[in-house]
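Novice: My questions concern the predicted model and sequence given below.
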Amino acid sequence: MEDNKNLAPSEVETQNTNEEYSLSDDRRVKVLSPGALVAKRFFRNRLAVTGLIILLAMFIFSFVGGLVSPYSQDQKFHRIDILEKDFAAAKQNDEFLSTIGNADLFSKYNQPDAILAINSGKTDFTAGGNKYKLNKINDDLYTINVKDEIVAIESKNIVSSSNGNDTFDFDFTSNALLLAANGGGQFVYNGKQYKVEDSGLIFDSEGNETAYVSNFIVKPISNDVFLSADFKAQLLTALQSNSGSFKFVDEDGEEYNYVLKYDAQHNNWNIKKDKETQVYDRYSPPSKEHWLGTDSNGMDMLTRLMYGGRISLIIGFIVVFIESIIGVILGGISGYFGGWIDNLIMRIVDIFYCIPSMPILIIIGAAMDAANLPSLTRMMYLMLILGFIGWPGIARMVRGQILSLREQEFMTATEATGIRVSRRIFKHLIPNVIPQLIVIMTMGLGDTIITEATLSFLGLGVRYPFASWGNIISDVKDIHVLTTYLFIWIPAGVLLLLTVLAFNIVGDGLRDAFDPKMKR
């Protein structure tokens, strides 16, 4: 050091350059291992690093997010809605109906003559050799008399049993119709007194509703529903006044609104009851409880996306793993042995390339639908089928690489040292194919996820209760959901797009990093 003080700077630099470095000198050049060199090249690629960050975010979202979510993937949420439920039906009669009292003097074959006389405004008519007198009570009721005896009644009103089971003879029916037309009254039938009210309701002496007179036939939708007298009175009033709705207080003191809807096709009225009903919280918009809203089954969309990503990624990795195992084994054997073995395996590969995979998957999916397989079994079959169909590309790549490697000197050395064939293939050849295999597997993951999403979108892939991004997006098959509920399908589509794009970007980055001829 003392000598260097008297030297010029240029001479000092020349002297330092001529010094030899020892192996323990920290200033010596560091030699990177192949793996470290690949990693260094990969992380220099900013686009590839971006793709890797996106993938890490997707894995955290899918696998960690599902653990911290307060909901399960199949948990359904409900809300209380006021729904119109079918409660009763009413049919209006607009034609005259005959109620015959004396079949010897008037039969059903005489009814056309009676109707013709009524429409013509006549007061009598002749039919079957008998002369009949028409007595008009009102526009909807006529009595047919022979002398002073009422032999039949033509009426648009009907006497209906309140319980729907009782039948009434001519005496009961005629008294009820005549009294109802005259504003009500009382009559005696079979020794029992009945009261006809102005509304048309008929009660026995004990106050029990027996029947009602109306040109409407009212029946409840369900047999366990009883229509009270007050309800029928209000209903008939609403029907006769052509009102669209009415309110009624039931026995529990609760008031309900009833809506009357006319069905022109069947010529009847449907009575619907507004009722508070617990329903699935379908297509609920984003809120504090559900950040991305709920789906068609009332499930939390954010939770479904988390579990859906888990399923899509698991299927992608397992399918690619199955493809790689089959492809590496068959491609390695084909490339190493050559000859007729190579020709046989390559012809099998050609056959698999010619198979229309999507139609086959659709047929298999339909067969699984017909077999009604459980969702978990169906998902396992789906992974096996996709893996079995997708191996030819990997086999052909491995074969091509091994064809070029088997003539190298290190393979000649393994043969000369007597290493067995299986060890030559899987210990010395296959490891040299790993870089290209990693690239093709990474890029194949995106294709597999897209295929699974397509099948699930078509209803042939993952099924409820499991979620995948594909079957979440399948809700857009309804045009109303597509245009109205954007929060249902856009998040799943964005996650699917980012994941597949990230796998492709990472695959490109790995391909560039493994290529030693890439200029940096």
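Specialist: Now that the structure is in, tell me what you want to look at. Residues are numbered from 1 along each chain as shown.
Novice: Where does pLDDT dip in the protein?
Specialist: When residues are selected by pLDDT under 70, those of the chain lie in 1-32, 164, 516-520.
Novice: What helices and strands are in contact with the longest strand anywhere in it?
Specialist: As assigned by DSSP state E, the longest strand anywhere in the chain is strand 78-92. Judged by 3 or more C-beta pairs under 8 Å, 6 or more residues apart in numbering; DSSP states H and E, the packing partners of strand 78-92 are strand 216-220, helix 229-240, strand 268-280. No exception for glycine: its C-beta is placed from N, CA and C like everyone else's.
Novice: let's see it at 6 Å
Specialist: strand 216-220, strand 268-280 (3 or more C-beta pairs under 6 Å, 6 or more residues apart in numbering; DSSP states H and E).
Novice: That strand to strand 216-220, inter-axis angle?
Specialist: 150 degrees (axes from the mean of the first three to the mean of the last three C-alpha atoms, to 10 degrees).
Novice: Just checking: what are the partner strands of strand 78-92?
Specialist: Within its sheet, strand 78-92 is paired with strand 216-220 (antiparallel), strand 268-280 (antiparallel), according to DSSP bridges.
Novice: Just send those back as a markdown table, with mean neighbour count and distance to Val481 too.
Specialist: Formatted as a markdown table, these follow (neighbours: other C-beta atoms under 10 Å; distance: least, C-beta to C-beta, whole Å):
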| stretch | mean neighbour count | distance to Val481 |
| --- | --- | --- |
| strand 216-220 | 18 | 36 |
| strand 268-280 | 16 | 15 |
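Novice: tell me which residues in the longest strand of the chain are buried?
Specialist: Going by neighbour count (16 or more other C-beta atoms under 10 Å), the buried part of strand 78-92 is 84, 87-90.
Novice: ditto for stretch 362-382
Specialist: 364-365, 368, 378-379, 381-382.
Novice: now those residues as CSV including distance to Glu95?
Specialist: Below are the buried residues of stretch 362-382 laid out as CSV (distance: C-beta to C-beta, whole Å):
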residue, distance to Glu95
Ile364, 60
Gly365, 56
Met368, 56
Arg378, 58
Met379, 62
Tyr381, 62
Leu382, 62
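Novice: Okay, angle between whichever strand or helix holds Val213 and strand 78-92 too, please.
Specialist: Element membership for Val213, per DSSP states H and E: strand 209-214. Per the same axes, to 10 degrees, the angle that strand 209-214 makes with strand 78-92 is 70 degrees.
Novice: so which two of the buried residues of stretch 362-382 are the farthest from each other?
Specialist: Ile364 and Met379 (13.1 Å; C-beta to C-beta).
Novice: picking up where we left off before, parallel or antiparallel, list what pairs with the strand holding Val213.
Specialist: According to DSSP bridges, strand 209-214 forms sheet pairs with strand 158-161 (antiparallel), strand 201-204 (antiparallel).
Novice: Ala238 is nearest to which of the ones you listed?
Specialist: So among the strands paired with strand 209-214, strand 201-204 is nearest, using C-beta to C-beta, at 14.9 Å.
Novice: Arg463: what's its closest spatial neighbour, skipping adjacent residues?
Specialist: Of all residues not flanking Arg463 in the chain, Ser375 sits nearest, at 4.6 Å (C-beta to C-beta, 6 or more residues apart in numbering).
Novice: and the one you found, how far is that from Ala502?
Specialist: Counting by C-beta to C-beta, to the nearest Å, the gap between Ser375 and Ala502 amounts to 28 Å.
Novice: Contact partners for Lys261?
Specialist: The contact partners of Lys261, by C-beta atoms under 6 Å, 6 or more residues apart in numbering, come to Asn270.
Novice: ugh, typo on my part, it should be Leu236
Specialist: Contacts of Leu236 (C-beta under 6 Å, 6+ apart): Ser214.
Novice: Then Glu209?
Specialist: 162, 203, 229.
Novice: Now with 7 Å, please.
Specialist: 162, 201, 203, 229 (C-beta atoms under 7 Å, 6 or more residues apart in numbering).
Novice: Quick check on the closest residue to Ile318 other than its chain neighbours: phi, psi?
Specialist: Leaving aside its chain neighbours, Ile318 sits nearest to Met383 (4.9 Å; criterion: C-beta to C-beta, 6+ apart). When read as degrees, to the nearest 10, the backbone of Met383 gives phi -70, psi -40.
Novice: and what of Asp113?
Specialist: Per degrees, to the nearest 10, the backbone of Asp113 is at phi -70, psi -40.
Novice: Relative to Glu95, how far out is the closest residue to it other than its chain neighbours?
Specialist: The shortest distance from Asp113 to any non-neighbouring residue, by C-beta to C-beta, 6+ apart, is to Ala127 (3.9 Å). As for Ala127, its distance to Glu95 is 19 Å (criterion: C-beta to C-beta).
Novice: Those two - which one has more neighbours?
Specialist: Ala127 (18 against 8; other C-beta atoms under 10 Å).
Novice: how much space between that one and Leu116?
Specialist: 9 Å.
Novice: Equivalent analysis for Asn102, please.
Specialist: Counting by C-beta to C-beta - Asn102 and Leu116 are separated by 21 Å.
Novice: picking up where we left off before, want to throw the strands paired with strand 209-214 into JSON lines with distance to Asp475 and mean neighbour count?
Specialist: Compiled in JSON lines, the strands paired with strand 209-214 are given as follows (distance: least, C-beta to C-beta, whole Å; neighbours: other C-beta atoms under 10 Å):
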{"stretch": "strand 158-161", "distance to Asp475": "47", "mean neighbour count": "19"}
{"stretch": "strand 201-204", "distance to Asp475": "51", "mean neighbour count": "21"}
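Novice: what's the closest of those strands to Lys195?
Specialist: That would be strand 201-204 among the strands paired with strand 209-214, by C-beta to C-beta, at 5.0 Å.
Novice: then the closest one to PDB, C-alphas only?
Specialist: Provided in PDB are the C-alpha atoms of strand 201-204 (Å, rounded to 0.1, in the frame of the first residue of the first chain):
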ATOM      1  CA  LEU A 201    -126.900 -16.500   0.600                       C
ATOM      2  CA  ILE A 202    -129.100 -19.200   2.100                       C
ATOM      3  CA  PHE A 203    -129.000 -20.100   5.800                       C
ATOM      4  CA  ASP A 204    -130.800 -22.800   7.700                       C
END
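Novice: Please tell me how far it is from the chain's geometric centre.
Specialist: 52 Å (C-alpha atoms, centre = their mean, to the nearest Å).
Novice: Now do that strand: everything it contacts.
Specialist: In contact with strand 201-204 (C-beta under 7 Å, 6+ apart) are residues 176, 192, 194-196, 209-213, 229, 232-233.
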